[in-house]
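1. only geometry, no sequence info:
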């Protein structure tokens, strides 16, 4: 009777490689940005573990990824690297995803993995969501002059306000994503390769038609070279628009306005117009209704503040 061969558990290095090459990219089909975020978290963790355990990453064993090591790493992120609680939790989420994967590949370390998965996320107080008033938003969008750049920036800001899109979504819009006839809409390619369709206002449709007469390019909102704008481009153009808008809305000079503030503005204005919260979640592409409910909480808090001033 032949002896059964014992199956050797995969090494820590092999698990890390399989996690990134197979699990995240092939099995989960995560976006390159998510994979890069997980990779950055792991680089930081491996550097810390190497110093703490005095071992090369190739010599680390899965059982050595203990709750105390993880907690020390998270404390290091906050105290020495100055990470916010949100960033700390994002790094922990990456480690948790790896541990869940590794526990299925190396059942001999399952108990150790279970204990490490018990490290909790850190609670923190969310700041009240910032958003712009309708008058402030219209002042920032403003009326364009005849220049190519002004026409492009006007459409960029109008599209951000109309759709509530993330910057990565709006700069990726091509002409093929825009439908102007019938039920006008734009197809947005969101996080995790998710897609959604957002209706376009009549004023936005008119602006797009006018823009296409002078800019019939593949990218709806290109830079001067005809390529997609970058996040930096959008942030810079918004800053210039805000600066110009301070003539009509002086209070804008004291506020920090980012493209994401426009996303919050869209959500809050939809909410205040009586749009159902589930529709707003679909509009913004939220996976969890908890995310969208922040706008309800912010709106209620602001109403309470206004009531308090009246009293």
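-> Here it is on my side, so go on. All values derive from a computational prediction rather than experimental measurement.
2. Just the mean pLDDT for the helix or strand hosting residue 278, thanks.
-> Residue 278 belongs to helix 277-284 when assigned by DSSP states H and E. The average of the pLDDT scores along helix 277-284 is 86.
3. Show me which residues of it are buried.
-> For helix 277-284, the neighbour count (16 or more other Cβ atoms under 10 Å) marks 280-281, 283-284 as buried. In short, each C-beta sits where N, CA and C put it, glycine included.
4. Just give me the closest of the residues you listed to residue 144.
-> Minimum distance to residue 144 across the buried residues of helix 277-284 is 25.4 Å, recorded for residue 283 (Cβ to Cβ).
5. now the closest one: how far from residue 122?
-> Residue 283 sits 30 Å away from residue 122, taking Cβ to Cβ, to the nearest Å as the criterion.
6. do residue 205 as well
-> Relative to residue 122, and taking Cβ to Cβ, residue 205 is found at 45 Å.
7. more neighbours, those two?
-> Shown here are residue 205 and residue 122; by other Cβ atoms under 10 Å, residue 205 has more neighbours (18 against 12).
8. distance of residue 66 from residue 111?
-> For residue 66, the distance to residue 111 (Cβ to Cβ) stands at 12 Å.
9. What of residue 253?
-> Separation of residue 253 from residue 111 (Cβ to Cβ): 58 Å.
10. now residue 71
-> 18 Å.
11. okay, those two: which has more neighbours?
-> Shown here are residue 71 and residue 111; by other Cβ under 10 Å, residue 71 has more neighbours (14 against 11).
12. show me the contacts for the more buried one.
-> Residues near residue 71 by Cβ atoms under 8 Å, 6 or more residues apart in numbering: residue 119.
13. picking up where we left off before, select, from the buried residues of helix 277-284, the two members most distant in space.
-> Based on Cβ to Cβ, the longest span within those runs between 281 and 283 and measures 7.2 Å.
14. Quick one: neighbours of residue 162, just the number.
-> Residues lying near residue 162 (other Cβ under 10 Å) number 22.
15. tell me which element it is part of?
-> Taking DSSP H and E as the criterion, residue 162 maps to helix 148-163.
16. Low-confidence regions, the stretch 51-200 of the chain specifically.
-> For the stretch 51-200 of the chain, the stretches flagged by pLDDT under 70 are 124-129, 192-193.
17. quick one: the helices in it?
-> Remark: helices assigned in the stretch 51-200 of the chain by DSSP state H, counting those that start in this stretch are 67-79, 85-105, 110-116, 134-141, 148-163, 167-170.
18. in the fourth one, what counts as buried?
-> Residues of helix 134-141 classed as buried under the neighbour-count rule (16+ other Cβ under 10 Å) are 136-141.
19. now for those, which pair is the farthest apart?
-> Maximum pairwise distance among the buried residues of helix 134-141 (Cβ to Cβ): 9.9 Å, between 136 and 141.
20. so how far does stretch 81-90 reach from one end to the other?
-> From its first residue to its last, stretch 81-90 covers 14 Å (Cα to Cα, to the nearest Å).
21. go on, stretch 168-186?
-> Terminal residues of stretch 168-186 are spaced 14 Å apart (Cα to Cα).
22. Which residue ranges of the protein form strands?
-> Remark: strands assigned in the chain by DSSP state E are 178-179, 185-189, 195-199.
23. Let me have these in JSON lines, extended by mean neighbour count and distance to residue 225.
-> Shown next, in JSON lines, are these (neighbours: other Cβ atoms under 10 Å; distance: least, Cβ to Cβ, whole Å):
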{"stretch": "strand 178-179", "mean neighbour count": "16", "distance to residue 225": "21"}
{"stretch": "strand 185-189", "mean neighbour count": "19", "distance to residue 225": "22"}
{"stretch": "strand 195-199", "mean neighbour count": "15", "distance to residue 225": "27"}
